[in-house]
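Peer 1: Sequence and predicted structure below; questions after.
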Amino acid sequence: MRSKKKVLYIFRRKRKERLELYEKGEGPDEMLYGLTHLDSQRFRASFIEDDENQWSWWHRLFYPIELEIVRKIKVGFALHLALENLARLKTVDIIITTVDTCGLPIAMLKYFGIVKTPVIYISQGLSDRLEWLPSNSWTHHFFQTIYSKFLRAVDRILVLGEGAITPLSKTLAIPIGKISCLPFGIDQDFWQPSDGSNTEQYILSVGSDIARDYQTLLEAITDQSLKIVTRLPIQHPYLNINTEEQIEIGSEFSDLELRKLYQKAHFVVTPLQDVAQPSGQSATLQAMACGKAVILTKTIGLWDSKTMKHLENCYLVEPNNIESLLEGICYFWKRPEEVQRIGRNARTTVEQFYSSSIFARKLEIMIENILDRHLN
């Protein structure tokens with residue numbers, strides 16, 4: 001009988017909490033990156049993550065260094081997490097790192113031969129962070145050089161959107177054949193449409209990554225009601241006016257509460273800067289799974305230009321373009337039948353292409369291929 005392959009996920013933090021919520025039916029599983037859907041007959045999946053409440057001496061030792069790296073390029077380097085679990089990294093069959101902060105230290109250990117276990121490295125925005133640095137600065141050259149060496153040591157680099165492949169390859173001199181796209185998948189069983197009877201007349205926008213473009217969204221809003229769910233500080237002259245009843249901004253929502261916000265929204269807007277990372281992916285897919293029409297910025301990092309189709313399952317607008325976004329908002333606001341049609345198509349798109357289980361099936365194939373190559 002073939003033994004199960006041991007798959008170890010590396011998360012930054014709070015995934016144990018998310019797993020518990022998922023198991024109680026109070027949260028989705030997409031931020032576990034397929035862990036709950038891997039075939040239990042073939043794989044034994046487990047994970048490690050950072051414990052915010054317990055600092056090891058490794059963490060205390062390297063924290064000042066990581067803090068300086070974050071200050072320089074806005075991406076962490078959780079070396080303590082790798083070193084604390086070094087023995088375990090060497091005994092599993094394959095490692096999956098889910099963010100650059102956790103992946104870079106593992107890639108470094110691979111580069112120096114300290115860890116020989118196969119590694120799948122999921123990159124989420126590293127090339128954007130490096131490109132934002134002045135191209136002639138020593139910081140840009142230093143991090144570009146060492147991170148290029150580290151990433152070339154891993155077995156496979158994954159990005160979550162096709163638009164991120166070329167920028168990552170170009171910025172870090174990675175052979176393009178070493179990079180694969182595996183679009184993110186969300187929990188379609190948790191993110192469900194309502195019966196439609198409780199829809200309200202507000203626009204919803206969700207997301208806290210630094211590529212969100214809420215300034216353009218606020219410029220495009222006229223007299224519509226808008227709810228924004230974000231931890232980002234939003235500064236805009238428009239907010240100095242008495243707009244409390246028209247515009248609401250908050251961040252403390254449970255997954256169940258967020259689902260209700262999606263379900264009740266008239267439609268959803270995901271405004272983005274033009275970055276290579278597939279920013280806005282999870283929030284957009286969550287809304288689509290809830291049967292909502294979404295206005296989405298067509299960025300370099302749009303995760304699948306063949307599947308995300310304008311006026312079929314979404315409404316695509318140009319980056320940093322107030323007029324384009326205003327046109328999209330007015331189009332949906334005046335055409336409730338189009339909002340419903342596109343929302344239905346959006347739900348079907350998620351079911352066909354972007355579920356957690358689909359993500360897991362594709363990941364399984366990649367794992368098997370990498371392990372077969374190592375055996376041979």
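Peer 2: Arrived safely, thanks for sending. Just so it is clear, the model here is predicted, and its values are computed rather than measured.
Peer 1: Can you find the helix or strand of the protein with the lowest average pLDDT?
Peer 2: Lowest on mean pLDDT, DSSP states H and E among the helices and strands of the chain sits strand 247-250, with a mean of 87.
Peer 1: after that one comes which helix or strand?
Peer 2: Moving toward the C-terminus from strand 247-250, the first helix or strand encountered (DSSP states H and E) is helix 255-264.
Peer 1: Output the contacting helices and strands for the next helix-or-strand element following that next one.
Peer 2: Where DSSP H and E defines the elements, the next helix or strand beyond helix 255-264 is strand 267-270. With contacts defined as 3 or more C-beta pairs under 8 Å, 6 or more residues apart in numbering; DSSP states H and E, strand 267-270 has these neighbours: strand 202-206, helix 281-289, strand 294-297, helix 322-334. For every residue, glycine as well, the C-beta is placed using N, CA and C.
Peer 1: got CSV for those, with distance to Lys90 too?
Peer 2: Below are the helices and strands packed on strand 267-270 laid out as CSV (distance: least, C-beta to C-beta, whole Å):
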stretch, distance to Lys90
strand 202-206, 40
helix 281-289, 32
strand 294-297, 42
helix 322-334, 50
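Peer 1: Can you redo these as CSV, where the extra columns are mean pLDDT?
Peer 2: Formatted as CSV, these follow (pLDDT from 0 to 100):
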stretch, mean pLDDT
strand 202-206, 97
helix 281-289, 97
strand 294-297, 98
helix 322-334, 97
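Peer 1: For Arg88, which of the ones you listed is the nearest?
Peer 2: Arg88 sits nearest to helix 281-289 of all those, at 28.1 Å, using C-beta to C-beta.
Peer 1: quick revisit: just give me how far the least confident helix or strand of the chain sits from the chain centre.
Peer 2: Strand 247-250 sits 23 Å away from the centroid of its parent chain (C-alpha atoms, centre = their mean, to the nearest Å).
Peer 1: That one pairs with which strands?
Peer 2: Here strand 247-250 is paired, per DSSP bridges, with strand 225-229 (parallel).
Peer 1: contacts for the strand it pairs with?
Peer 2: By C-beta atoms under 8 Å, 6 or more residues apart in numbering, the residues outside strand 225-229 that reach it are 201-207, 214, 217-218, 234, 245-251, 253, 258, 261, 265.
Peer 1: Just the C-alpha atoms of that strand, please, in PDB.
Peer 2: Extracted in PDB, the C-alpha atoms of strand 225-229 (Å, rounded to 0.1, in the frame of the first residue of the first chain):
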ATOM      1  CA  SER A 225     -24.800  54.900  -0.400                       C
ATOM      2  CA  LEU A 226     -21.400  53.200   0.100                       C
ATOM      3  CA  LYS A 227     -20.000  50.800   2.700                       C
ATOM      4  CA  ILE A 228     -16.200  50.200   2.800                       C
ATOM      5  CA  VAL A 229     -14.800  47.300   4.800                       C
END
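Peer 1: just to revisit the earlier point, would you tell me which of the helices and strands packed on strand 267-270 gets closest to Glu30?
Peer 2: Among the helices and strands packed on strand 267-270, the nearest to Glu30 by C-beta to C-beta is helix 281-289 (6.4 Å).
Peer 1: Report the inter-axis angle for that closest one versus helix 255-264.
Peer 2: For helix 281-289 against helix 255-264, the angle by axes from the mean of the first three to the mean of the last three C-alpha atoms, to 10 degrees is 60 degrees.
Peer 1: what about Val294, neighbour count?
Peer 2: Using other C-beta atoms under 10 Å, Val294 has 29 neighbouring residues.
Peer 1: Contacts only, for it.
Peer 2: By C-beta under 8 Å, 6+ apart, the contact set of Val294 is Phe267, Val268, Val269, Thr270, Thr284, Ala287, Met288, Cys314, Tyr315, Ala346.
Peer 1: What subset of those is buried?
Peer 2: Phe267, Val268, Val269, Thr270, Thr284, Ala287, Met288, Cys314, Tyr315, Ala346 (16 or more other C-beta atoms under 10 Å).
Peer 1: What's the PyMOL syntax to select whichever of the contacts of strand 225-229 are buried?
Peer 2: To isolate in PyMOL the members of the contacts of strand 225-229 that are buried, counting by 16+ other C-beta under 10 Å, one can use:
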select buried, resi 202+203+204+205+206+207+214+217+218+247+249+258+261+265
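Peer 1: hmm, back to that, out of the helices and strands packed on strand 267-270, which gets nearest to Glu52?
Peer 2: Closest approach to Glu52 among the helices and strands packed on strand 267-270 (C-beta to C-beta): helix 281-289, 21.7 Å.
Peer 1: what does that closest one contact?
Peer 2: With C-beta under 8 Å, 6+ apart as the test, helix 281-289 has contacts from 28, 30-31, 160-161, 183-188, 191-193, 204, 206-207, 258, 262, 265, 268, 270, 294, 296, 303, 313-314, 343, 346-347, 349-350, 354.
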